[in-house]
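S.K.: structure of the sequence below:
(2 chains)
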Amino acid sequence: MRQRRQILGWLLVLGALHVLVACAGFFAPYDPVQQDREHPYLPPMRVHVADERGHLHLPPFFYAVRVREGSVNQFDEDTGKAFPLGFLTTGARYRLLGFLPCRLHLFGTEGARLYLLGSDGFGRDQFSRILYGGQVSLLSGLLGAGCTLFMGAIIGAVAGFYGGWRDVLLMRLAELFLALPWLYLLFALRAFLPLAVSPLKAFLVVIVVLATVGWARPARLVRAVVLSAKERDFVRAARGFGASNGYLLRRHIAPETSSVLLTQAAILIPQFVLAEMTLSFLGLGIPEPAPSWGNLLASLQQYSVLVSYWWMYLPAVAIVPFFVGYQGFANALNLHVAADKIEEKRGVPS
Amino acid sequence: MNYFLRRLLQGVLLLIGVSFLTFLFSTLAPGNYLDEMRLNPQISSATLAALRSQYQLDRPLPIRYARWMNSIAHGELGYSFAYNSAVAPLLWVRARNTLLLTITATLLAWGLALPLGIWSAERRGGLPDRALSWATSTLLVIPDLVLGLGLLILTARSAWFPTGGLVSVAFENLSPLRKLSDLLMHMALPVTALVLSALPILIRHIRAAMVEVLGAPHLRAAAAHGIPHRKLLYGYALRAAANPLIALFGFSVGTLLSGSLLVEIIMSWPGIGPLLLEAILARDLYVVIGGVLFSTVFLVAGNFLADLLLYWADPRIRTTAGAR
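M.R.: The predicted structure is shown next:
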């Protein structure tokens, strides 16, 4: 019971984080590709509730920034120019969840742009880019994991259910994929797909690569479950009544694999998000100007950026909660499965 | 002896399988290195055709594979278009640097994880155990990329260690001792990143294995006989827990290799990582295949070492291997 509550708790956390990213257009004040060439590499700006004399202001405000005298890349707040923050304002057009045309934003500004987490080399708002980037990264993780689990489940089920030469062939192939260090495998697969393509095609390429990288482990786990499931009494009984192979697999054996697949999903999704980040970081994944968590960090490969503009690292910090969420979810699931097993051994119905 | 032969044979079969698989994938690749040259108006189509046949890009897959196998026999591992030389010497220089990094990191990670894991298993539920468990959970959720970049920024701002490259520019003029310290300083950052990324999993597994063993009756009996605590932990318990840990060793080689690939690129360490990335971007086919094959060779070697250790540590394997 305690485990179940834990799982629900982590699911809630993950759900909240995913809604934040899925509705990026609403939570982000600006368009992720809109440039502001006048303000490259601005440090994060502060939102104030109290002004210099200590008076409180209710809609919070922020100051415009200006270059510090005698410097080229140091900035000060220009306390003469205050801009109030507007809530639930209309701003840049976007499509909510990818299809609903919308202009409503949680907060917005007029007159000057507020860079909560600083701006990048083209003066684009990092905060907005992180939220939008999550759409690409999380979606590729989710779709990649979905494809890989689908492939793994089918391959594992075929190997386990039919056995014989199919089993030997598929499992040897799986061993080959498992034998390689996964990042090398990822690189090798990426190396043999087209390089300079449009963001949408690159996204598809990344998903194909991810799906191919990961199928072996779920396939082996599913095979083990199927092997034991097909000898269970109710499956034999159904077979005795004349059930076809397809029916048996669909009705009786597939449900048995659900817990394995769920646990694998909790492990694979963050791993695939990370894989997408790695590819995009190295310039092998989603190309500019589309934001993704990986290519947001790509500018850090230049030493000057690394030394001078620490806020370019903020996207890396911003994504950590997602990994915490998935890790916690996977742990809770594992505990739940382990507790189930103990109960089964004791013969207590759960 | 049979046991090792069988293991070795399995390793070789695996290598052949991986090489065949990468070759198969490579035929799916759209375009090759010569496509870039075709865009250059100074290179005539006759030259291109000559190059095509020289590199055998016009031959069918089985023949190319056979040719490539033949070049392995000559110690060449195929031909790099971008570097205009055989792949093997190219790969070897980089592989040395990668191995330097990975082997150091493996030794260091295990050297740290063993005492920490044992210590935390011994004080199960105590403050150090809980603190360590928090630390490992925290490290576990921080991705390699984030960790590596974070360390890099930290060092770049503090200037504690050099942030890239293998040695300093003036390396050739240093005394042998200074050379060593220079190399160590340059290694510090990538090795730290690798160790930190490998450590949490190792500590967790070691702790779990030790906790299981420490509850066993034979250890309680040994303790009752008055065997000193330290000897009990490191001599008896560790020996009994060795079996799963040795399997973990083989696995850790794989994770460290993967980690090293990324860390090398982030911290510009001249290993396989940057070479592989360049080769992918330039469509330098044989270098990619060579890099992947290198990782497999090293992984197979790591697993073979694990088998050797297992043979030494677990007498049951000796008897069953002998019986077969």
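S.K.: would stretch B:176-196 count as contacting chain A?
M.R.: No. Legend: contact between stretch B:176-196 and chain A by CB under 8 Å from any CB of the partner chain is lacking; minimum distance shown is 12.6 Å. (C-beta placed from N, C-alpha, C; glycine too.)
S.K.: could you give the mean pLDDT of that stretch?
M.R.: Regarding stretch B:176-196, the rounded mean pLDDT is 84.
S.K.: please apply the same query to stretch A:190-203.
M.R.: Mean predicted lDDT for stretch A:190-203 stands at 78.
S.K.: next secondary structure after the strand or helix carrying A:Ile269?
M.R.: According to DSSP states H and E, A:Ile269 maps onto helix A:258-281. As assigned by DSSP H and E, the chain's next helix or strand after helix A:258-281 is helix A:293-297.
S.K.: what residues sit buried inside the helix or strand just after that following helix?
M.R.: Next in sequence after helix A:293-297, counting helices and strands by DSSP H and E, comes helix A:303-308. For helix A:303-308, a neighbour-count test (16 or more other CB atoms under 10 Å in any protein chain shown) marks A:Val305, A:Leu306 as buried.
S.K.: for helix A:303-308, packing partners?
M.R.: Applying 3 or more CB pairs under 8 Å, 6 or more residues apart in numbering or on different chains; DSSP states H and E, we find helix A:303-308 packed against helix B:144-158.
S.K.: and the helix it packs on, does that touch chain A?
M.R.: Yes. Under the criterion of CB under 8 Å from any CB, helix B:144-158 makes contact with chain A via B:Asp144, B:Leu145, B:Val146, B:Leu149, B:Gly150, B:Leu152, B:Ile153, B:Ala156, B:Arg157.
S.K.: now the residues you listed: which count as buried?
M.R.: Buried among those by 16+ other CB under 10 Å: B:Asp144, B:Leu145, B:Val146, B:Leu149, B:Leu152, B:Ile153, B:Ala156.
S.K.: pLDDT check: weakest of the residues you listed?
M.R.: Out of those, that is B:Ala156, at 80.
S.K.: that one and A:Val305 touch, don't they?
M.R.: No. B:Ala156 is beyond contact range of A:Val305, at 10.2 Å (criterion: CB atoms under 8 Å).
S.K.: report how many residues lie close to the nearest residue in space to B:Tyr234 that is not next to it in sequence.
M.R.: Closest residue to B:Tyr234 apart from its sequence neighbours, by CB to CB, 6 or more residues apart in numbering or on different chains: B:Ile118 at 7.5 Å. B:Ile118: 21 surrounding residues under other CB atoms under 10 Å in any protein chain shown.
S.K.: model confidence score at B:Ile118, please.
M.R.: At B:Ile118, pLDDT is 88.
S.K.: which SS class is it?
M.R.: helix (DSSP: H, G, I helix; E, B strand; the rest coil).
S.K.: find the nearest non-adjacent residue to B:Asp314, please.
M.R.: Nearest to B:Asp314 is B:Asn243, by CB to CB, 6+ apart, at 5.6 Å.
S.K.: quick one: contacts for the one you found?
M.R.: B:Leu310, B:Ala313, B:Asp314 (CB atoms under 8 Å, 6 or more residues apart in numbering or on different chains).
S.K.: can you put these in a markdown table and add secondary structure?
M.R.: Converted to a markdown table, the contacts of B:Asn243 look like this (three-state DSSP):
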| residue | secondary structure |
| --- | --- |
| B:Leu310 | helix |
| B:Ala313 | helix |
| B:Asp314 | coil |
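S.K.: for the residues you listed, which one is nearest chain A?
M.R.: B:Leu310 (18.1 Å; CB to the nearest CB).
S.K.: now do the contacts for that closest one.
M.R.: By CB under 8 Å, 6+ apart, the contact set of B:Leu310 is B:Asn243, B:Ile246, B:Ala247, B:Ile317.
S.K.: with pLDDT as extra columns, can I get those in TSV?
M.R.: Formatted as TSV, the contacts of B:Leu310 follow (pLDDT from 0 to 100):
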residue	pLDDT
B:Asn243	83
B:Ile246	87
B:Ala247	83
B:Ile317	71
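S.K.: kindly indicate which of the residues you listed lies nearest chain A.
M.R.: B:Ala247 (13.8 Å).
S.K.: A:Leu106 contacts A:Phe26, correct?
M.R.: Yes. A:Leu106 is in contact with A:Phe26 according to CB under 8 Å; the separation is 5.8 Å.
S.K.: so the two - more neighbours on which side?
M.R.: More crowded of A:Leu106 and A:Phe26, by other CB under 10 Å: A:Phe26, with 18 against 14.
S.K.: many thanks, have a good one.
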